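> Have a look; sequence and predicted model below, questions after that.
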Amino acid sequence: MKRSGTFALSLLAALAVTLGAAWAAPPAYAGGVTASFVRTADWGSGWEGRYTIANGGASSLSAWTVSFDLPAGTTVGTYWDALLTSSGQRYTFTNRSWNGTVAPGATVSFGFLASGPGAPVNCLLNGAPCGGGTPSPSPSGTPSPTPTGPAPSTPPPTSPPDGTLPKHLLTGYWHNFDNPAVELRLRDVPAEYDIVAVAFGEATATPGAVGFAVDPGLSAALGGYTDADFTADVRTLRGQGRKVILSVGGEAGRVAVNSAASATAFADTTYALIQRYGFDGVDIDLENGLDPTFMAQALRALRARVGAGLIITMAPQTIDMQSPATGYFKLALDIRDILTVVNTQFYNSGAMLGCDQNRAYSQGSVDFIVALACIQLENGLRPDQVGLGLPAGPGAAGGGIVAPGVVNAALDCLARGTNCGSFRPPRTYPGIRGAMTWSVNWDVSNGSGFARGIKPHLATLP
């Protein structure tokens, strides 16, 4: 998000492959600890797989290692929620620091993308056979069996949505600075917004650390608006059942989390701000690059301190969500068990390839929004973790501004398969989370048409 309301034009990005629904073998949990494999998607030249480690024993598991063979011609690419080493066609996944402990009756999982038609064989969990939970479909490389019965409308979620939030959300950014948009006290944010992202938490002299205070320019423009006023306003919005989160970064943001020490500083200082002001969570809006490994470490450390109620959102630029192997996309996949929603900025993007790989779609259209959102939906994020970010009218962005009806049509296309343009996604996603706008202030400046046009429509979605 840019304080002037505009962004630099992104370049045309490479396409991430389209994933399709595929056969899955049910896990077979015996007594003790087992590892079960499921092929969650298959697109012919490759597939997505997931292993689930289940502790059916009476004592906790403190660490785990899963190893298996893949036939020649099949290789592992992107992976998440584990560390990987390989030797020839033998692949070994070990737990990360935060998911090694598995209590009795609990499960953890990790996933990966593979190229080639083969499937895992000779699975070992901590050196012992994986216990009957690792099927070997098509070990010779034969295509997996075709499922019987109707295909699901969307791949099954890995975990349910956060029950403290509406099923379909409207998120808006509130300016903690003075620019040509109207200035607002936080308490005056229109009631249509479910999540208000306060823009922005800023870098300090300590690498990774985040600072926040009411901007002096904004305070002056409002005739005096203090930290105490802001804190009271946070309580007011929360009392209305809304959530207030701190957005870190922005177009000018320089918060850098690229080491273990900076990850700790990020978690510590963000936690302190949550305690001081009453924020419900954090939004990652770093438009100058991020290290997914250390940011994931920081966010997991923060969640460990705050608890399961922590809201974690992201606002990547369109170009940042083109490939699951890089940057924002990898971060989202690495923390998808604790991630609330990714609200990609579908504007200031020029033209980009969608998930069909057929042509470049131009920003400012239903086709662009749907075809680009489809990349995320078909590459590992649950529908409830995908939101559509659009500018709130003139002044808010340099390109890609659309009427609220275009956003609603894109939501309909994704959720129901109706009101699509020339591009139609491979399935419907009834759980699509909703919409986001930059910004509340620009929306109010333009008559609040974004919120008033989209919030009622969200209530009509499945």
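Yes, it's here. Quick caveat, the model's predicted, so the values are computed rather than measured. Residues are numbered from 1 along each chain as shown.

> counting contacts, what elements does the helix or strand of the chain with the lowest mean pLDDT pack onto?
In the chain, no helix or strand scores lower on mean pLDDT, DSSP states H and E than strand 75-80, which sits at a mean of 79. For strand 75-80, the elements it packs on are strand 107-115, helix 327-334, judged by 3 or more Cβ pairs under 8 Å, 6 or more residues apart in numbering; DSSP states H and E. C-beta here means a position set from N, CA and C on the backbone, and glycine is covered the same way.

> buried residues in the longest one?
If I follow you right, that is strand 107-115. For strand 107-115, burial by neighbour count (16 or more other Cβ atoms under 10 Å) applies to 108-114.

> Give me the below-cutoff pLDDT ranges for this structure.
Applying pLDDT under 70 to the chain flags residues 1-31, 43, 78, 132-163, 250-253.

> Does anything pack onto the longest helix seen in it? Which helices or strands?
When the chain is parsed with DSSP state H, its longest helix is helix 260-277. The contact analysis (3+ Cβ pairs under 8 Å, 6+ apart) places helix 260-277 against strand 210-211, helix 227-239, strand 243-250, strand 281-286, helix 292-306.

> Helices of the stretch 301-450 of the chain, start to end?
In the stretch 301-450 of the chain, the helices defined using DSSP state H, counting those that start in this stretch lie at 327-334, 366-377, 404-416, 440-445, 449-458.

> what about the strand or helix carrying S36, distance to the chain center?
Using DSSP states H and E, S36 falls within strand 33-42. Relative to its parent chain, strand 33-42 has a centroid offset of 22 Å by Cα atoms, centre = their mean, to the nearest Å.

> Which elements pack onto that strand?
strand 46-55, strand 121-125.

> The same query, at a cut-off of 6 Å, please.
Judged by 3 or more Cβ pairs under 6 Å, 6 or more residues apart in numbering; DSSP states H and E, the packing partners of strand 33-42 are strand 46-55.

> List the buried residues of whichever helix or strand comes after the strand it packs on.
Following strand 46-55 in sequence order, the next helix or strand is strand 65-69 (DSSP H and E). Within strand 65-69, the residues scored as buried using 16+ other Cβ under 10 Å are 65-69.

> Show me what the least confident helix or strand of the chain is in contact with.
Contacts to strand 75-80, defined as Cβ atoms under 6 Å, 6 or more residues apart in numbering, come from residues 91, 111-115, 324-325, 333-334.

> could you dump those residues to CSV with distance to C413?
Putting the contacts of strand 75-80 into CSV (distance: Cβ to Cβ, whole Å) gives the following:
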residue, distance to C413
Y91, 38
G111, 27
F112, 30
L113, 26
A114, 30
S115, 30
P324, 22
A325, 27
L333, 24
D334, 29
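
> hmm, back to that, specify which member of the buried residues of strand 65-69 is nearest to A301.
Distances from A301 to those, taken as Cβ to Cβ, are shortest for T65 (23.6 Å).

> Pull the number of nearby residues for the nearest residue to H175 once chain neighbours are set aside.
Leaving aside its chain neighbours, H175 sits nearest to N441 (4.6 Å; criterion: Cβ to Cβ, 6 or more residues apart in numbering). N441 has 26 neighbours, counted by other Cβ atoms under 10 Å.

> so N441 sits right up against F177, yeah?
No. Contact between N441 and F177 fails when scored by Cβ atoms under 6 Å: they sit 9.5 Å apart.

> A203 and K167: what is the separation?
Between A203 and K167 the computed distance is 35 Å (Cβ to Cβ, to the nearest Å).

> meant to ask about A296, not that
Here the criterion is Cβ to Cβ. By it, A296 lies 26 Å from K167.

> When these two are compared, which one has more neighbours?
A296 (24 against 17).

> T85: which of the helices and strands packed on helix 260-277 is closest?
Across these, T85 has its closest neighbour in helix 292-306 (15.7 Å, Cβ to Cβ).

> Flag every buried residue along the closest one.
292-303, 306.

> Among those residues, which one sits closest to M436?
L299 (18.8 Å).

> farthest-separated two in the contacts of strand 75-80?
S115 and D334 (20.1 Å).

> Make sure I have this right: A220 is in a strand.
No. According to DSSP: H, G, I helix; E, B strand; the rest coil, the state of A220 is helix, so it is not within a strand.

> Show me the chain divided up by domain.
Domain assignment for the chain by automatic domain parsing gives 33-129, 169-458.

> tell me, how many neighbours does P216 end up with?
Neighbours around P216, by other Cβ under 10 Å: 11.

> what do you get for G350?
G350: 17 neighbours (other Cβ under 10 Å).

> Now the phi/psi pair for it, please.
phi 70, psi -130 (degrees, to the nearest 10).
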